[in-house]
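>>> give me a 3D structure for the following:
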Amino acid sequence: MRRTRTTIGLAAISIAALGLTACGGESEDSAGAAPAGEVGSTDLAAAGCPDTVVIQTDWNPEAEHGGIYQLLGEDPEIDAGAKSVSGTLVDSAGDSTGVNVEIRSGGPAIGFQAVSAQMYSDDAITLGYVDTDEAIQLSDTQPTVGVLAQLDISPQMIMWDPEAYPDVTSIADLGEAGATVRYFEGSAYMDYLTGAGILSEEQLDGSYDGTPAAFVAAGGEDAQQGYASAEPFIYEDEVDAWGKPVEYQLIHDAGFEVYASSLSARADQLEDLSGCFTELIPVMQQADLDYVADPATANELIVELVEQYDTGWQYSMEVAEYGVQTMAELELVGNGPDDTHGNFDTERLQTLIEQTTPIFTEQGTPPAEGLTPEDIATNEFIDTSIGS
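Residues are numbered from 1 along each chain as shown. Sure, this is the predicted structure:
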């Protein structure tokens, strides 16, 4: 369970419910109908894309995934059992691209397994959400290549109570203060923080379960992981037992610069899909920016999907709106060091490889020998003229 989301009764989800996930492409294909409308300036069918572009996400529908929900035309069909939505894949003008898109939910819908594993168990998946540290860790056994960095900066953060820690302004300050830091056991970023001396092993608590209960019970004495694009709003405005602001620092700003949820392809499928990606990825780049500029329609769908999927997780329109606002303010969806949205910085990837290789090797999942940035991400399909 990688994602850091507030859940309502998540532990009560039954094995039967998890069994609803589609494996091997056996879910009902609600995208079976022909794409609606005349094909516009981008013809993805002619470019070699599959009749249905299948995207596997890493969590329940949320604002951080808004760019892919922006791709859906006016005819989305929801399959609540399979936790998926599908319809005509449209371009920025709203015109058909000649193919459909199916967006599958992750997290509880796939038994909390890694998206890389899901991609290797189902050949129908065209693109999946894979953090670049996951791509490094599984590069030897389930290699994937990122083709679009929807998020230039990861929302992952550690938060604390400013009343309990008025002098704390960073994760390093939490380390010096000796505050307990609650997190999901096994997170690579925490091994980096302790290895770099920013936090100490003695102050870690790996029991975080995604709910606010422990943070509230500690009365502000403990810090906790979360997403900057959700938890600060949720804890202040939706967790009645807390109901006040929190402060935080992004893990990115502490030196662990992962590309979170980068859209990735299986390495062994990349060549066959290259013609498709040459036309598809620029459409997706623009969809990311269109979503941030005008998220209303996609947010309505996201909130509806969460309700219909009914995995035990809740997500309000207010959280979605806060998420988009925060992603814009913090430049989580941004251009990085240049004027292009969605490309990868190879120096940044090399640093991450160097940071994580010892960690994953010690954990018994060593990366592929001689791994390079080009093995885990490519800018081949990026349109450099598209940026915010």
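
>>> where do the helices sit along this protein?
15-18, 66-69, 115-121, 132-137, 171-177, 188-195, 213-217, 231-237, 270-293, 296-309, 317-329, 346-362, 373-376 (DSSP state H).

>>> and the third one, what does it pack against?
This points to helix 115-121. Packed against helix 115-121 by the contact rule (3 or more CB pairs under 8 Å, 6 or more residues apart in numbering; DSSP states H and E) you find strand 52-56, strand 127-130, helix 132-137, strand 262-266. To be clear about C-beta, it is placed using only N, CA and C from the backbone, and glycine gets the same treatment.

>>> distance from the chain centre to the longest strand along the chain, please.
Using DSSP state E to assign secondary structure, the strand with the most residues in the chain is strand 96-104. How far strand 96-104 lies from its chain's middle: 20 Å, per CA atoms, centre = their mean, to the nearest Å.

>>> and E77, how many residues sit next to it?
17 (other CB atoms under 10 Å).

>>> what's the spacing between it and S105?
Distance from E77 to S105, counting by CB to CB, to the nearest Å: 15 Å.

>>> same thing with E185?
From E185 to S105 the distance is 24 Å (CB to CB).

>>> those two: which is more packed in?
More neighbours surround S105 than the other of E185 and S105, with 25 against 11 (other CB under 10 Å).

>>> now do the contacts for that one.
S105 sits next to T57, W59, N60, P61, K83, S84, L305, Y309, T311 when contact means CB atoms under 8 Å, 6 or more residues apart in numbering.

>>> nearest spatial neighbour of N299, chain-adjacent residues omitted?
Leaving aside its sequence neighbours, N299 sits nearest to A320 (CB to CB, 6 or more residues apart in numbering; 4.3 Å).

>>> name the nearest residue to R348, sequence neighbours excluded.
E257 (5.3 Å).

>>> pretty sure the one you found contacts F344?
No - if you go by CB atoms under 8 Å, E257 and F344 don't touch, sitting 11.0 Å apart.

>>> ok, these two, which is more surrounded?
F344 (23 against 20).

>>> need the contact list for the residue lying closest to the more buried one once chain neighbours are set aside.
Leaving aside its chain neighbours, F344 sits nearest to A377 (4.2 Å; criterion: CB to CB, 6+ apart). Residues in contact with A377, defined by CB under 8 Å, 6+ apart, are T132, A135, V145, G146, V147, A149, Y259, S262, S264, F344, T346, L349.

>>> so what's the spatially most central residue of the chain up against?
Residue closest to the average C-alpha location in the chain (CA atoms, centre = their mean): S261, at 3.4 Å. S261 sits next to T57, D58, E64, H65, Y129, V130, D131, Q150, L151 when contact means CB under 8 Å, 6+ apart.

>>> burial of the residue nearest to N299, as a residue count?
25.

>>> do the one 4 residues further on as well
Applying other CB under 10 Å, we find 23 residues neighbouring V324.

>>> check contacts around it.
A63, G66, Y291, V292, P295, N299.

>>> then E304?
For E304, the contact set (CB under 8 Å, 6+ apart) comprises I78.

>>> how about a cut-off of 10 Å?
The neighbours of E304, taking CB atoms under 10 Å, 6 or more residues apart in numbering as the test, are P61, P76, I78, V85, M317.

>>> filter those down to the ones in strands?
I78, V85.

>>> now list the buried members of the contacts of E304.
Neighbour-count burial (16 or more other CB atoms under 10 Å) applied to these gives P61, P76, I78, V85.

>>> between all of these, which two are separated the most?
Farthest-apart pair in the buried ones among the contacts of E304 is P61 and P76; separation 11.5 Å (CB to CB).

>>> residues shared between the contacts of the two?
Y69, V85, I103, L301, E304, L305.

>>> hang on, the earlier thing: for the helices and strands packed on helix 115-121, give me a markdown table that also has mean pLDDT and distance to P245.
Below are the helices and strands packed on helix 115-121 laid out as a markdown table (pLDDT from 0 to 100; distance: least, CB to CB, whole Å):
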| stretch | mean pLDDT | distance to P245 |
| --- | --- | --- |
| strand 52-56 | 98 | 35 |
| strand 127-130 | 98 | 30 |
| helix 132-137 | 97 | 30 |
| strand 262-266 | 98 | 31 |
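
>>> want to throw those into TSV with mean neighbour count and distance to V239?
Converted to TSV, these look like this (neighbours: other CB atoms under 10 Å; distance: least, CB to CB, whole Å):
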stretch	mean neighbour count	distance to V239
strand 52-56	24	30
strand 127-130	28	27
helix 132-137	26	29
strand 262-266	26	30
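
>>> Throw the ones you listed into a markdown table and include distance to P366, thanks.
Formatted as a markdown table, these follow (distance: least, CB to CB, whole Å):
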| stretch | distance to P366 |
| --- | --- |
| strand 52-56 | 25 |
| strand 127-130 | 18 |
| helix 132-137 | 9 |
| strand 262-266 | 20 |
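
>>> of all these, which one is nearest T365?
helix 132-137 (5.2 Å).

>>> so what's the gap between that closest one and the chain middle?
Helix 132-137 sits 13 Å away from the centroid of its parent chain (CA atoms, centre = their mean).

>>> quick check: which helices or strands does it pack against?
Secondary-structure packing of helix 132-137 (3 or more CB pairs under 10 Å, 6 or more residues apart in numbering; DSSP states H and E): helix 115-121, strand 144-148, helix 188-195, strand 262-266, helix 346-362, helix 373-376.

>>> V85 contacts A109, doesn't it?
No - V85 is not in contact with A109 according to CB atoms under 10 Å; the separation is 11.8 Å.
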